[in-house]
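> take this sequence and fold it.
(chains A and B)
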There are 2 protein chains.
Amino acid sequence: MVYARKAAPDCPFQKRFPSQLIRDDVFYMTLAYNEAIDAWHSNEVPIGAVIECEGQVVGKGSNQVESANDPTAHAEMIAITQAANSLEDWRLNKATLFVTKEPCPMCSGAAIMSRLGRLVYAVPDSKMGGLGGAFDVNGYPGMNHTSIIDKGVLHDDCLELIQTFFRLKRESESEGFDKV
Amino acid sequence: MVYARKAAPDCPFQKRFPSQLIRDDVFYMTLAYNEAIDAWHSNEVPIGAVIECEGQVVGKGSNQVESANDPTAHAEMIAITQAANSLEDWRLNKATLFVTKEPCPMCSGAAIMSRLGRLVYAVPDSKMGGLGGAFDVNGYPGMNHTSIIDKGVLHDDCLELIQTFFRLKRESESEGFDKV
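A predicted model of the protein is given here:
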């Protein structure tokens, strides 16, 4: 007997359309939030990322681990690859990455390896966060680069999104699995 | 004036062809060594990786950061993505990754995120290594997975390859850059 994943629970949140005229941290984090909603609709943990460089979005991504069947397909990794391609330079010193949850160890390492200028996350992760939550890849003195790290932008909205997703998933999955 | 990267220095090392009948750690690390030589020929830092599962190679990769213009294109990341695709499962619990140098923070994190069963590296990296060299992602108690880590297989050969590459690059680049 083969069991499939349950479909994504209905998403009670809507994408937002902030003014393009005020391109501050909240603006870019809102775009990352919209990416996270895309992840939800694909039945992925709703995490999204956007990369800004000189006032333009040069990369974006939503978590795709399950749908791409690739453990490296986190939102940040997809956005970094896209930004490097867009800027035609793998060194992202002038870029800022906005992500709805503190990056895991892999993505924290990717921020350093891509020489990212700045990284802003919404929700800290004391269990798996690699930028101060659980440990701090960026603060290790031996690294060949350090990024500026800021946090808390759109915190409550991004936290509510993730927590609601897991709550609805648990309720849904306690009803059993779909048979194929 | 635009400057191009110098071509790769001539590689004085040859690929090796170990017996397919003895599939031990040295066998798989030798295949990773051959991947590192491929990286050299592409003018990349010569690091290679191979993933084995149940006696078969299910993923392999060589460092492609410069040629793919992607800071995430490390040998291990490419091999992990390939293995997940080959096994049709992003969870690599039964797989072993062989890599010629201790993984960086990003790739160490990817080992955990992919739930890799075992990782073997040849050369430790006290500056950037994320599996005990500089710090230890795998040993952090909050992680949701730990891998078995072994090291030192084919150490001298993999170290000589990397050190020779950097020495020849320095000698070559001290002669100036090619103009485009």
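> every contact and neighbour count from this point should use C-alpha atoms.
Noted.
> so which bits of chain A are right by chain B?
Contact residues (Cα under 8 Å from any Cα of the partner chain) of chain A with chain B: A:65-66, A:69-72, A:77, A:80-81, A:84-85, A:88-91, A:104-110, A:113-114, A:127-128, A:134, A:137, A:142-143.
> any low-confidence regions in chain A?
Residue ranges of chain A with pLDDT under 70: A:1-4, A:176-180.
> what about the strands in chain A?
Taking DSSP state E, the strands of chain A run over residues A:48-53, A:56-62, A:95-101, A:118-123, A:148-151.
> the fourth one to strand A:95-101, inter-axis angle?
So that's strand A:118-123. Interaxial angle, strand A:118-123 versus strand A:95-101 (axes from the mean of the first three to the mean of the last three Cα atoms, to 10 degrees): 10 degrees.
> quick one on the thing from earlier: buried subset of the residues of chain A next to chain B, written for PyMOL?
Buried subset of those, written as a PyMOL selection, criterion 16 or more other Cα atoms under 10 Å in any protein chain shown:
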select buried, chain A and resi 65+66+69+70+71+72+77+80+81+84+85+90+91+104+105+106+107+108+109+110+113+114+128+134+137+143
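> so who does the most centrally placed residue in chain A touch?
Central residue of chain A (Cα atoms, centre = their mean): residue A:48, 3.5 Å from the mean position. Neighbouring residues of residue A:48 by Cα atoms under 8 Å, 6 or more residues apart in numbering or on different chains: A:32-37, A:39, A:60-63, A:75-76, A:99-100.
> which residue packs closest to it, ignoring adjacent ones?
Closest residue in space to residue A:48, ignoring its immediate chain neighbours: residue A:36 at 4.0 Å, by Cα to Cα, 6 or more residues apart in numbering or on different chains.
> mind checking how far the one you found is from chain B?
Between residue A:36 and chain B the computed distance is 19 Å (Cα to the nearest Cα, to the nearest Å).
> OK, contacts around the closest residue to residue A:100 other than its chain neighbours?
Leaving aside its chain neighbours, residue A:100 sits nearest to residue A:122 (4.8 Å; criterion: Cα to Cα, 6+ apart). Counting by Cα under 8 Å, 6+ apart, residue A:122 touches A:29, A:99, A:100, A:101, A:102, A:151, A:152, A:153, A:154, A:155, A:158, A:159.
> pretty sure the third one is touching residue A:35, no?
No - judged on Cα atoms under 8 Å, residue A:100 makes no contact with residue A:35 at a distance of 9.2 Å.
> return the most buried member of the strands of chain A.
Of all those, strand A:95-101 has the most neighbours on average by mean count of other Cα atoms under 10 Å in any protein chain shown, namely a mean of 30.
> who does it pair up with?
In the sheet, strand A:95-101 lines up against strand A:48-53 (antiparallel), strand A:118-123 (parallel) (DSSP bridges).
> quick check, nearest of the contacts of residue A:122 to residue A:11?
Within these, the smallest distance to residue A:11 is 13.4 Å, found for residue A:158 (Cα to Cα).
> pull the distance from stretch A:107-120 to the chain's centre.
Centroid displacement of stretch A:107-120 relative to its chain, using Cα atoms, centre = their mean, to the nearest Å, is 13 Å.
> what sits up against that stretch?
By Cα under 8 Å, 6+ apart, the surrounding residues in contact with stretch A:107-120 are A:74, A:76-77, A:80, A:90-99, A:130-131, A:137-138, A:143-153, B:71-72, B:104-107, B:109.
> picking that back up, what is the nearest of the contacts of residue A:122 to residue B:8?
For the contacts of residue A:122, the nearest to residue B:8 is residue A:99 (37.1 Å; Cα to Cα).
> and the closest residue to the closest one other than its chain neighbours, how far is that from chain B?
Spatial nearest neighbour of residue A:99, chain neighbours left out: residue A:49 (4.3 Å); criterion: Cα to Cα, 6+ apart. Distance, residue A:49 to chain B, using Cα to the nearest Cα: 16 Å.
> and for residue A:46?
17 Å.
> which residues touch that residue?
By Cα under 8 Å, 6+ apart, the contact list for residue A:46 reads A:36, A:37, A:38, A:39, A:40, A:62, A:63, A:161, A:162, A:165.
> with those in mind, which one is nearest to residue A:56?
Minimum distance to residue A:56 across the contacts of residue A:46 is 18.1 Å, recorded for residue A:62 (Cα to Cα).
> mind listing what residue A:61 touches?
Going by Cα under 8 Å, 6+ apart, residue A:61 touches A:35, A:48, A:49, A:50, A:74, A:75, A:76, A:77, A:78, A:79.
> shouldn't the third one be in contact with residue A:96?
Read that as residue A:49. No - the pair residue A:49 / residue A:96 is not scored as a contact, 10.4 Å apart, by Cα under 8 Å.
> what is the neighbour count of the nearest residue to residue A:14 once chain neighbours are set aside?
Of all residues not flanking residue A:14 in the chain, residue A:37 sits nearest, at 7.6 Å (Cα to Cα, 6+ apart). Residue A:37 has 27 neighbours, counted by other Cα atoms under 10 Å in any protein chain shown.
> then the one 4 residues further on?
Residue A:41 has 15 neighbouring residues, counting by other Cα under 10 Å.
> same question, residue A:116
Using other Cα under 10 Å, residue A:116 has 23 other residues around it.
> how close does it sit to residue B:126?
Computed as Cα to Cα, to the nearest Å, the residue A:116 to residue B:126 distance reads 22 Å.
> returning to what we had before: of the contacts of residue A:48, closest to chain B?
Of all the contacts of residue A:48, chain B sits closest to residue A:76, with 10.5 Å by Cα to the nearest Cα.
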